[in-house]
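Asks: the amino acid sequence is not available; the structure is as follows:
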């Protein structure tokens with residue numbers, strides 16, 4: 001009987017919840033802890049508050065996913081499952097984590113697409129050590145999924161409750177309490193197109209002791225996934241690319257500026273080498289024979305073609321890195337008394353990830369008498385009195401550049417919690433976390449050795465390196481005249497496998513709070529919570545000396561070492577204002593304030609206020625207003641200026657002026673820089689521009705103002721139906737931003753004048769040509785986002801519908817977001833200078849996930865549909881769809897199917913297929929970019945698994 005009462009009470013809490021209804025959930029509660037006594041639920045704590053409440057009611061919108069909801073995705077990668085949620089952007093998912101040096105394998109969460117550093121990730125309401133060096137971004141791979149009870153997502157500023165970094169929201173991973181028994185799980189998956197073979201094994205265990213006064217539970221989980229390369233995916237092997245459209249007559253003619261072609265090549269360089277000689281442009285066959293370069297069938301004015309001998313980009317695309325993950329987690333509790341409990345946790349995670357991308361490349365000088373050179377070409381050059389020539393070459397045959405990251409994460413928690421006189425409760429805890437990373441840079445070219453190896457001569461009939469000292473040091477001559485001709489000994493000499501970086505971060509958090517009812521008001525008790533938190537963070541990264549010296553093909557990277565501490569106090573109150581009146585069953589006002597003192601930036605403050613209005617049992621309204629803050633992280637503050645390279649087009653080039661938002665303004669600003677109206681830049685469509693990027697010790701905090709308004713409708717005429725709708729509005733001022741090279745150049749000359757911070761970061765020579773630019777963090781911009789979240793869930797028995805015997809039950813759910821606005825303001829004081837983000841690649845206007853689950857006895861079948869709206873492939877703010885072809889991605893929908901069956905209440909077998917239609921990313925996208933990462937790159941995937949519980 002007690003179990004039935006508990007089930008009924010939990011169901012009632014769910015149906016009355018404000019934003020804490022499960023996204024696709026089974027019957028589950030949204031409480032962090034709950035106890036049952038005589039069939040009644042005692043006080044519980046919901047995510048987003050420190051105040052215990054008699055139900056799961058809060059004015060802050062929270063979406064909860066149970067572990068069963070997560071399993072519907074059929075993917076072992078928890079981060080990839082969560083990144084499918086409409087509120088999250090796939091900034092760092094499994095298939096695009098290798099976009100930057102050292103980030104391979106990281107799966108970071110990004111609420112509202114406003115930056116991973118603005119999303120606070122918690123475990124059981126406590127902070128977690130980060131995995132992205134110098135930041136607070138937590139790798140979801142470090143979360144122990146087997147003991148996961150649910151995931152709560154707060155999509156709004158929560159700094160007053162949880163502190164800095166909760167600017168756009170909080171993701172709280174809530175672990176199971178009092179787990180008993182043993183669960184053994186096995187999982188395997190494979191893709192229809194090859195690659196990404198995945199396996200996972202885990203064991204979860206738990207046991208109560210001392211008549212239930214103590215419990216120890218834990219899990220051990222190992223998983224691995226093989227890599228996938230572009231050669232395994234048809235949309236990559238077709239080699240899509242864009243060329244300048246020869247039919248285009250101008251920026252506003254309605255004719256696409258660019259056209260899409262297959263077999264896209266860059267005839268500036270190739271994997272066989274392009275020799276630039278006075279005799280013509282020469283390339284080489286596999287046997288080293290020289291011949292004139294053949295161009296493609298279609299070429300544009302920039303030298304890019306469809307077909308021909310130029311470089312094809314296929315090999316540089318890795319759809320998914322190779323990953324291996326081991327997660328060991330143990331937690332326990334012991335009731336010291338009836339009102340005091342000791343609790344502890346320990347975690348160790350090892351993650352290894354390997355990715356490969358673009359190979360090294362270079363333009364080097366060669367002697368006409370190089371003994372590896374085709375004899376006929378060598379003789380022709382000598383006869384013409386030509387002593388040497390230059391050659392562009394992509395060195396794919398020397399090995400693609402790669403990252404091999406080995407990361408270790410440890411986290412320990414020790415605390416005490418309990419009750420005081422039954423009316424108050426408290427908790428105090430100490431959290432220690434440490435992250436260590438070792439990132440190896442694979443196939444990293446040693447520049448000096450490379451120069452020695454390509455300078456070959458013939459001595460006594462043997463081809464050797466020309467420099468005697470280099471020969472003594474092991475130099476082996478390198479044959480680059482044709483693809484695949486280099487000896488392994490020469491490759492081993494010039495390509496390094498043992499250079500890398502060493503990362504370390506530590507986190508110590510000491511915190512405590514007390515919560516209870518202060519006084520009785522006419523409509524109920526005034527509940528309060530107050531607490532403190534002290535936190536220390538350190539972060540350092542160092543590189544091998546050869547990297548710091550810039551002696552390899554990589555950028556010259558500088559080490560970073562920084563730390564800070566922060567002391568905080570906070571208070572929260574919940575006051576029932578009215579109750580028991582017609583149209584006002586209850587009206588509650590919530591508020592909170594947190595004061596912080598940082599060793600880096602000084603004092604900050606954050607606040608929150610909210611109203612919760614229950615009109616009657618079926619209808620509730622909620623509203624919150626808050627001001628959240630984020631202090632600059634260690635990387636933003638202390639990263640020194642390091643070498644970088646930028647792919648840019650000079651906006652002052654005469655060919656670029658007409659494509660400016662305001663061509664006349666850009667022309668005037670370029671003239672003010674001393675550039676002629678017919679100026680032609682050497683950087684356009686050419687090599688990368690050198691420069692620097694780094695942090696800024698003068699940064700201050702950024703501030704976010706957030707408003708939410710919503711309702712929850714649980715109609716009595718449709719038992720089991722829950723509908724929630726929430727409007728949210730976020731505006732971040734003094735946003736800490738890094739600007740890309742192209743953005744810096746454009747903002748310099750597209751502003752009201754050249755007297756701005758962007759022009760100050762650009763260096764030109766006496767001719768006006770670009771020399772260098774610097775990208776450093778600035779409190780210069782504003783970010784805004786507005787939208788509507790909605791959620792519908794309806795669970796019912798089919799027998800009630802058809803008035804018959806048991807036919808099973810059906811659960812329908814829908815979770816979506818309609819994005820109203822997402823803007824970036826590079827100059828926050830100039831609202832006219834706006835960059836519209838919503839509707840562009842990565843930020844769809846509409847996205848949702850729907851689930852239909854049928855259950856009959858021990859059988860369950862689920863159909864899942866994910867919808868992604870069409871997005872622009874051009875800058876919407878420029879209002880020029882003809883700048884891209886095609887201009888839009890088109891709408892995309894993915895369908896998946898899963899079935900589960902439970903045998904003898906102990907063995908569960910499940911299997912399914914994801915991306916049933918085997919859809920590729922749309923609009924010729926790779927799916928590996930920051931925006932296109934939201935698309936599936938694995939294709940149709942089959943999986944099978946089993947759980948054995950005893």
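Replies: Perfect, thanks for sending it. The shown structure was predicted, so the numbers you read here are calculated from the model rather than taken from an experiment.
Asks: relative to residue 750, how far out is the residue nearest to residue 420 when sequence neighbours are not counted?
Replies: Using CB to CB, 6 or more residues apart in numbering and skipping residues adjacent in sequence, the residue nearest residue 420 is residue 426, 6.5 Å away. In this view, the C-beta of every residue, glycine as well, is placed from N, C-alpha and C. Distance of residue 426 to residue 750, given as CB to CB, to the nearest Å: 56 Å.
Asks: same question, residue 465
Replies: Residue 465 is 50 Å from residue 750, by CB to CB.
Asks: which one's more surrounded, the two?
Replies: Taking other CB atoms under 10 Å, residue 465 and residue 750 do not tie; residue 465 has more neighbours (25 against 19).
Asks: pLDDT value on that one, please?
Replies: At residue 465, the pLDDT value in this model is 97.
Asks: beyond the helix or strand where the residue nearest to residue 420 lies, next helix or strand please.
Replies: Assigned by DSSP states H and E, residue 426 falls within strand 424-442. Next along the chain after strand 424-442, taking DSSP H and E as the criterion, comes strand 444-445.
Asks: and that following strand, what does it pack against?
Replies: strand 495-496 (3 or more CB pairs under 8 Å, 6 or more residues apart in numbering; DSSP states H and E).
Asks: so for the strand it packs on, mean pLDDT?
Replies: In this model, strand 495-496 has a mean pLDDT of 97.
Asks: shaky segments in the protein?
Replies: 1-45, 53-58, 685-687 (pLDDT under 70).
Asks: mind listing the helices for the stretch 651-800 of the chain?
Replies: Remark: helices assigned in the stretch 651-800 of the chain by DSSP state H, counting those that start in this stretch are 663-672, 741-750, 798-802.
Asks: give the buried residues for the last one.
Replies: Along helix 798-802, these residues count as buried under the neighbour rule (16 or more other CB atoms under 10 Å): residue 798.
Asks: contacts for that helix next, please.
Replies: 805-810 (CB atoms under 8 Å, 6 or more residues apart in numbering).
Asks: and that helix, how far from the chain's centre?
Replies: 44 Å (CA atoms, centre = their mean, to the nearest Å).
Asks: count of neighbours near the closest residue to residue 158 other than its chain neighbours?
Replies: Sequence neighbours aside, residue 166 is the residue nearest to residue 158 in space, at 4.0 Å (criterion: CB to CB, 6+ apart). Neighbour count for residue 166, taken as other CB under 10 Å: 30.
Asks: who's in contact with residue 166?
Replies: For residue 166, counting by CB under 8 Å, 6+ apart, the contacting residues are 119-120, 154, 157-159, 628.
Asks: helices along the stretch 401-550 of the chain, start to end?
Replies: Using DSSP H, counting those that start in this stretch, helices in the stretch 401-550 of the chain cover 447-454, 468-472, 488-494, 545-548.
Asks: and the second one, what's buried?
Replies: By neighbour count, and taking 16+ other CB under 10 Å as the criterion, the buried residues in helix 468-472 are residue 470.
Asks: try the last one
Replies: Of the residues in helix 545-548, those buried by neighbour count under the rule 16+ other CB under 10 Å are 546-547.
Asks: what sits up against it?
Replies: 441, 446, 496, 499-501, 552, 554, 556-559.
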